[in-house]
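Chemist: Sequence and predicted structure, then a few things I'm wondering about:
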Amino acid sequence: MASSLLNSSVTRVSQWLASPLRPRQYLELLNPLWAEQSCGRIEKIQRETDNAVTLVIRPNHRWQGAVSGQYVRLGVDVDGVRHWRCYSVNSAQRPGDETFSVTVGRVNGGRVSTYIQDTLRVGDVIALDKAMGDFVLPTDATAKLLFISAGTGITPMMGMLRSLRDSGIAADVTHLHFAPTEKDCIYFNELNDFARRPGFNLHQSLTREGGQHFDAALLDNVCPDWAERKAYVCGPEGLMNAVRTHWQNNELSSQLCEEVFQPVRAEVPAGAGGTVLFWNAGSSTEGAGDKPLLEVAENAGLLPKHGCRMGICQECVVTLREGQVRDLATGEVFGESGETIRICVCAAAGNVTIDL
Amino acid sequence: MNAPLHMTDEQLKSMTERTGLPLYLSDEQVEQFGKEIDEVRRRIMSTVGERDARYIHKVIKAQRWLEIGGRGLLFAGILPPAWLAGTAMLGVAKILENMEIGHNVMHGQWDWMRDEQIHSTSWEWDNVCPSSDWKHSHNHMHHKWTNVVGMDRDVGYGILRMSEKQEWSPFYLGQPIWNLFLAVFFEWGVALHDLEAEKLRTGEKSLKDTVPFLKGVWKKVRKQTLKDYVIFPLLAGPFFLPVLAGNFTANIIRNLWAYMIIFCGHFPEDVADFTMEEVKNETKGGWYLRQMLGSANIKGSKLMHIMSGNLSHQIEHHLFPDMPSNRYAEASEHVQKICEKYGLPYNSHGLGRQFGTTLAKVMRLSLPNKKAARETVTA
Ligand code: FES
C-alpha cells in the first residue's frame, strides 16, 4: 500500500518534471526500448529461403503478448517514412520469454519487405502494434485440425504447429501446403520433421514441379474427413477464394478460419473519386475526385475542424483509415491506413474511409 | 499593366509609392511566378527522406540532453560558473525546443515521417501557449493572412502599432515601453494572442467573453510554471533560489530571442503590409507574392539559422510552411533566382540591420503618421 502510494507519487512528480513531454521521452535517450510507445529490437535475422527471412523480435515493456497465429503490425522506417505492415506470429508461446518471430517474404516491388530483406540489421529498433486476430488454435485441444496454406501463408500455421509441439499435445493435424518449388518452401526441414510425428499428416504440393493446385478432388483424396475438421486457410487470393467457395457450398463456413494477406488495392482510374465513409460519424457520401474532402464532409452536413482551407495550418488533419487520396496541388495519389491527411487539399481517389 | 494582387491601378500606385516595391507584374507573370515557386516546392519535397529524418532526430536528442545538462548544472547553481552555464544551456534548449523543433513540428514539417511522436497533431511545446491555440493564431491566421492589417494579429500583437495602416491613438505613445514588455514576456504575449487585447481596450469585447479562452490557457500555464518555478526549485532543496532564478532567466532568454527573430521576420524596413481590400480575390500566385513581399530573411551562419528555427529563412518559411526547415537554405537559392528573374525584391540582411530598422519602426509609429504618408494611405 505504502509502496504503491510512493510509486504513484513518483510517477506524478516525474510527469510534472517532464511536462510537456513525458518522462519516457527522456529515458529513451539512454535506451530506445525504454520509449513510451510500443517497439522492439531485432534480436536475430535468419534466412529461410532466397526470398524470405525470419526476424526474432524482443518487444519492450508495452508488449501485451501474442498468441501464435495472430498477426502483429510492424512499423518500419524506410527512407525516413514509417510504414506499417502486418505479419503473422510464427513462434510458439514460451512462458517467461517475450520474444516472438515473424517471417517476411519478399514482395516484388514491395518497399517494406525489400527493406527488411536487404537493409534491416540485428539491433535495429522498429515500432510495434499489439498482436491481433483470432487465427489461433481452438480452445478445445482435442479438435481435429486442417491447415491449408500457400507460400508465406504457412507462417501463422507454423506458429500453431510449434505451439502444439512445445506443449506436448499430440493433435490430429492434416496440412496441405502449396509452393512453386522446393526452394521456395520456407521451413522445409522443420515441416518434414513434423511429418514424422504421429498424428501429423503433411501433404506438400510443388505446383511448378508437377504438383496439383487446390481443388475438391485433391482435398477428398488427401483428407477424406475434411468436413469434420476445424480448417484454417492462408495464402494468395486465388487459394482463399477456392477454399472459401468450397466450404460455403458445403455449408461449413463456420468451421473455416481465414487469414487474409494485405488486401489487394484496386487500381483507381485517373481523376476518379469514390465513396467517402466518415468513420466516427458513421455516415457516407460520394466524393468527387477533384473536391476537397473537407467540402465533401461539409456538404454532407458535417462540421470538420479546419482553419486556412489551403493546406498550411494543419488544423484539418485527420486519420485515413482505408483507401487513398489525391493531393489536389500535385495530383499525387497516396495514403496508407493510419496515415494523416489534410482534408482541405485532398480528394478521394477511389473509396476512402476517414476518421473526422 | 495589371496589379499583382488584383488591386485597382489606384491602389497599386499608392502601394508602389508607399513601399517602393516594383510591383508591375501582369496577371500572367504572377501566375508564372507562382508556378515556379510551386516547382521549387515540388523538387525539394520529392527528395525529402532519411537524411532529413536523421536531422530532426539529432536536433531533438541534442535539445533533450542540453536541457538535462542545463537543469543538472543549475542544481549546483550556488557556484556562479555552474549557474551561468546551466542557465545558458537551459535557455538554448528552450530556444531549440520552441523554434527549430516545436514551431516547425506544429507546422507539419515532419508529418511526412508518420512518426506519431513528432507530429503536428500531437506535439505540445515548452511554452505557456497551448499548441492548439498556437496552430490557430499562428498557422492559420498569421500564415494565411500574413501582414494583412486587421487579420494577421502578429501585426502588433494587439498592443503595438506596426503599420501605418493601423489607426493611431495616444495609447501608442507608450509603444517603446509596451514593446519592451512584449519582448521580455514574449511567451505570454503569444499565449494571450487570441485574447484580442485591442478589442478589450476599445470595449468591443468584455472581460467575461475571454473566460473560456483563458481557462484553456491556464491549464497549460499551470503545468509549465509549476515545473519551472515550483517543482524543480523544490527538488534542489537548499538551492531553491538559484534554480528558480536560473529557470526564470532561461525563459527570459528564450523570450527575448524568439521576439527578436519573429519581429525581424515581418517588420524590418521595406517589408510590405497589406489591406483586406488588396488581397480580395487573391490567386495562389498572388498569395506567394504577398508572402514574399511581407517577409524578411536574416543573413547569418549555420548556427544562427538553427537557433532561429530557420526562421532566418522567413521568406521560404512563408512560401512553404510545411517544408522541413533544414531544407530552407536550399530553397532560398532557388527563390532568390526567381526573384531576380521577375525583378522582385528579396529582403535579406544581417541581424543588425533587420532588428535596427524594426526598432526604428516601433519608435516612428508610436507617433501619428506624417502628413504625406497619411495622404498616401488614404488615397
Ligand atoms: S484547413 Fe488549414 S491545412 Fe487544412
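Modeler: Happy to help now that I have it.

Chemist: ok, and the one residue in the stretch 151-300 of chain A that gets nearest to the ligand, which helix or strand is that part of?
Modeler: The minimum distance from the stretch 151-300 of chain A to the ligand, using C-beta to the nearest ligand atom, falls at A:Leu294 (6.7 Å). All C-beta spots, glycine's among them, are computed from the backbone N, C-alpha and C. In this assignment (DSSP states H and E), A:Leu294 forms part of helix A:293-299.

Chemist: Whichever helix or strand comes after that helix and the ligand, any residue contact?
Modeler: Proceeding N to C from helix A:293-299, the next assigned helix or strand is strand A:317-327, under DSSP H and E. No: using C-beta under 6 Å from any ligand atom, we find that strand A:317-327 stays clear of the ligand, coming within 7.1 Å at best.

Chemist: other SSEs contacting strand A:317-327?
Modeler: Packing contacts for strand A:317-327, counted by 3 or more C-beta pairs under 8 Å, 6 or more residues apart in numbering or on different chains; DSSP states H and E, involve strand A:333-334, strand A:340-342, strand A:346-355.

Chemist: tell me which element the most centrally placed residue in chain A is part of?
Modeler: When C-alpha atoms, centre = their mean is applied to chain A, the residue found nearest the centroid is A:Cys86 (1.9 Å). According to DSSP H and E, A:Cys86 maps onto strand A:81-88.

Chemist: That strand packs against which elements?
Modeler: Strand A:81-88 is packed against strand A:71-78, strand A:100-105, helix A:111-118, helix A:155-166, with contacts defined by 3+ C-beta pairs under 8 Å, 6+ apart.

Chemist: of all the ones you listed, which lies closest to B:His140?
Modeler: strand A:71-78 (30.3 Å; C-beta to C-beta).

Chemist: any idea what sits nearest residue 44, other than its immediate chain neighbours?
Modeler: Answering for chain A, as no chain was given. Of all residues not flanking A:Lys44 in the chain, A:Val56 sits nearest, at 3.9 Å (C-beta to C-beta, 6 or more residues apart in numbering or on different chains).

Chemist: um, chain B though
Modeler: B:Arg327 (5.2 Å).

Chemist: and B:Trp257, which of the three is it?
Modeler: helix (DSSP: H, G, I helix; E, B strand; the rest coil).

Chemist: separation between it and chain A?
Modeler: From B:Trp257 across to chain A, the span is 20 Å (C-beta to the nearest C-beta, to the nearest Å).

Chemist: where in the stretch 251-356 of chain A is pLDDT low?
Modeler: Residues of the stretch 251-356 of chain A meeting the criterion pLDDT under 70: A:262-266.

Chemist: picking that back up, in its sheet, what does the strand or helix carrying the residue nearest to A:Lys44 sit against?
Modeler: Using DSSP H and E, A:Val56 falls within strand A:52-59. Its sheet considered, strand A:52-59 pairs with strand A:39-49 (antiparallel), strand A:100-105 (antiparallel) by DSSP bridges.

Chemist: And the ones you listed: which comes nearest B:Ser120?
Modeler: Closest among those, using C-beta to C-beta: strand A:39-49, at 21.7 Å.

Chemist: If you count neighbours, what's buried in that closest one?
Modeler: For strand A:39-49, burial by neighbour count (16 or more other C-beta atoms under 10 Å in any protein chain shown) applies to A:Cys39, A:Gly40, A:Arg41, A:Ile42, A:Ile45, A:Glu48, A:Thr49.

Chemist: What angle do helix A:155-166 and it make with each other?
Modeler: 90 degrees (axes from the mean of the first three to the mean of the last three C-alpha atoms, to 10 degrees).

Chemist: Show the average pLDDT along strand A:39-49.
Modeler: The average pLDDT for strand A:39-49 rounds to 96.
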